[in-house]
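**Q** Quick one, what's the 3D model for this:
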Amino acid sequence: MKILILISSLFIFNTYATSLDSLLQDIDADTQALQKEDRVREKAFLSDLTKAKRQLNDVKIALKKENAKTKSLKKTFETQKELLKKYNVELEKKSENLKDVFLITKQEARDFKSLLETSMTSTQFKQRDALLDTITLSYENPTIDTIRIFWKKYLQEIIESGKIVSFETDLVNTQGLHVKSRVTRIGLFSAFDDTQYLRYDDSLQEFVHLMRQPSSSSLEYISTFNNSASGVVPILIDPSRGVLFSMLKERATIIERIEQGGVIGYVILSLGALALLFSLAKFILLSLVDRKIKKQVISSEIDESNPLGRILKSFEKHKSKDLTTIESKL
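**A** Residues are numbered from 1 along each chain as shown. Reported below is the predicted structural model:
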């Protein structure tokens with residue numbers, strides 16, 4: 001029994017020793033593999049470190065160059081800055097008169113813009129406000145080219161104020177509808193289409209028909225002008241540039257005035273009509289009497305149907321009496 005136990009123990013120890021040898025061999029193999037990987041990794045790290053040192057050296061050289069360039073630029077900047085101050089002082093001295101020109105130009109541009117907003121020529125020449133806005137709203141001084149263009153716009157308005165031109169444009173009729181029509185503009189004072197006078201509405205920037213037209217005799221000027229081929233023809237203008245024409249709508253017609261009078265107005269008109277009829281009747285009666293008197297003057301026969309005939313009849317009846325009685329009878 002003891003021998004059997006001893007043999008079993010030896011077998012077990014032998015088997016265990018064999019397993020440990022295999023484990024040791026595996027550990028040695030893994031250790032060698034790890035060492036090999038570590039050497040590769042170390043070699044790569046040393047290579048990257050060398051490359052990084054080289055790059056760092058290049059960056060330091062570039063930084064040194066940039067610092068030198070920065071110092072040079074700062075020096076140049078300070079020099080240019082002093083030179084700019086010197087030039088600004090000279091510019092201030094030479095541009096004192098130009099400042100007044102720029103201020104006057106801006107003020108004139110604002111005034112001219114207000115003028116164009118109410119000018120009839122704005123229907124022909126649109127988008128003129130853009131140039132004036134660049135002058136009035138800009139914080140920079142206008143250039144000589146801008147001033148030259150502004151001067152040309154001013155001259156154009158002066159020239160157009162003395163022209164009589166006809167052109168196609170949209171206008172607003174009394175129903176508020178836009179219609180295409182041929183408009184004739186008389187300077188800056190009046191405008192009309194084929195049959196009616198127009199006024200310029202600055203809020204719409206379009207021509208509109210007058211709510212109430214002038215008298216028919218004034219409208220005849222339009223047809224006379226449109227039908228004339230040449231020569232000088234009269235035309236109605238509004239020297240107030242539309243103010244007088246716009247006031248026509250405030251003028252009441254005869255019917256409106258009668259309606260404004262109410263009951264009292266109707267009573268007055270009725271009395272006036274009765275007085276007119278009475279005057280007419282008296283006029284007819286006196287005309288008949290006058291005719292009979294004229295007939296009596298040239299007639300030798302006495303007709304008592306008229307005053308002269310009755311006077312003559314009274315004279316014939318009392319002519320034998322004294323002068324005082326005749327006078328009283330007559």
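**Q** so how far is the helix or strand hosting Ile264 off the chain centroid?
**A** Here Ile264, judged by DSSP states H and E, is contained in helix 254-297. Computed by C-alpha atoms, centre = their mean, to the nearest Å, the chain-centroid distance of helix 254-297 equals 57 Å.
**Q** and if you look at stretch 125-135?
**A** Centre-to-centre, stretch 125-135 and its host chain are 11 Å apart (C-alpha atoms, centre = their mean).
**Q** What average pLDDT does it get?
**A** Mean per-residue pLDDT for stretch 125-135: 79.
**Q** Just the C-alphas of that stretch, formatted as CSV.
**A** The C-alpha trace of stretch 125-135 is given here as CSV (Å, rounded to 0.1, in the frame of the first residue of the first chain):
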residue,chain,number,x,y,z
PHE,A,125,-36.7,111.0,-64.4
LYS,A,126,-36.9,108.4,-61.7
GLN,A,127,-34.3,107.2,-59.2
ARG,A,128,-32.8,110.6,-58.8
ASP,A,129,-33.0,110.4,-55.1
ALA,A,130,-30.3,107.7,-55.0
LEU,A,131,-27.5,110.1,-55.9
LEU,A,132,-28.8,112.7,-53.5
ASP,A,133,-28.9,110.1,-50.7
THR,A,134,-25.3,109.2,-51.3
ILE,A,135,-24.4,112.9,-50.7
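**Q** got the buried residues for the helix or strand hosting Glu108?
**A** Following DSSP H and E, one finds Glu108 within helix 96-117. For helix 96-117, a neighbour-count test (16 or more other C-beta atoms under 10 Å) marks Thr105, Lys106, Glu108, Ala109, Phe112, Lys113, Leu116 as buried. C-betas here are computed from N, CA, C, even on glycine.
**Q** Could you give the number of residues near His209?
**A** Per other C-beta atoms under 10 Å, the neighbour tally for His209 reads 20.
**Q** ok, now how distant is it from Lys81?
**A** Remark: distance between His209 and Lys81 (C-beta to C-beta, to the nearest Å) = 66 Å.
**Q** do Lys152 as well
**A** 40 Å.
**Q** With Asn67 instead?
**A** Between Asn67 and Lys81 the computed distance is 21 Å (C-beta to C-beta).
**Q** now the angle from the host helix or strand of Asp38 to helix 96-117?
**A** Element membership for Asp38, per DSSP H and E: helix 2-94. On the basis of axes from the mean of the first three to the mean of the last three C-alpha atoms, to 10 degrees, helix 2-94 is oriented at 90 degrees to helix 96-117.
**Q** So which elements touch helix 2-94?
**A** With contacts taken as 3 or more C-beta pairs under 8 Å, 6 or more residues apart in numbering; DSSP states H and E, helix 2-94 sits against no other helix or strand.
**Q** So what's the gap between that helix and the chain middle?
**A** Remark: helix 2-94 is offset 72 Å from the chain centroid, using C-alpha atoms, centre = their mean.
**Q** I'd like the mean pLDDT over that helix, please.
**A** In this model, helix 2-94 has a mean pLDDT of 78.
**Q** So Ile237: helix, strand or coil?
**A** Of the three states, Ile237 takes coil under DSSP: H, G, I helix; E, B strand; the rest coil.
**Q** What's the separation between it and Ala33?
**A** Distance, Ile237 to Ala33, by C-beta to C-beta: 112 Å.
**Q** again, but for Asn226
**A** Asn226 sits 112 Å away from Ala33, going by C-beta to C-beta.
**Q** ok, the two, which is more surrounded?
**A** Counted by other C-beta under 10 Å, Asn226 and Ala33 do not tie: Asn226 has more neighbours, with 15 against 10.
**Q** I'd guess the more buried one is in a helix, am I close?
**A** Yes: under three-state DSSP, Asn226 falls within a helix.
**Q** Once you drop chain neighbours, what's closest to it?
**A** Asp194 (6.4 Å; C-beta to C-beta, 6 or more residues apart in numbering).
**Q** Report how many residues lie close to the one you found.
**A** 11.
**Q** before we move on, what SS does it have?
**A** coil.
**Q** Would you enumerate the residues in contact with it?
**A** Each residue near Asp194 by C-beta atoms under 8 Å, 6 or more residues apart in numbering is listed here: Ser181, Arg182, Ile222, Asn226.
**Q** The residues you listed in strands, which ones?
**A** Counted as lying in strands by DSSP state E, out of those, are Ser181, Arg182.
**Q** rewinding a little: for the buried residues of helix 96-117, give me CSV that also has pLDDT and distance to Met247.
**A** Output for those, formatted as CSV (pLDDT from 0 to 100; distance: C-beta to C-beta, whole Å):
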residue, pLDDT, distance to Met247
Thr105, 83, 36
Lys106, 85, 35
Glu108, 86, 31
Ala109, 85, 32
Phe112, 86, 27
Lys113, 85, 26
Leu116, 83, 23
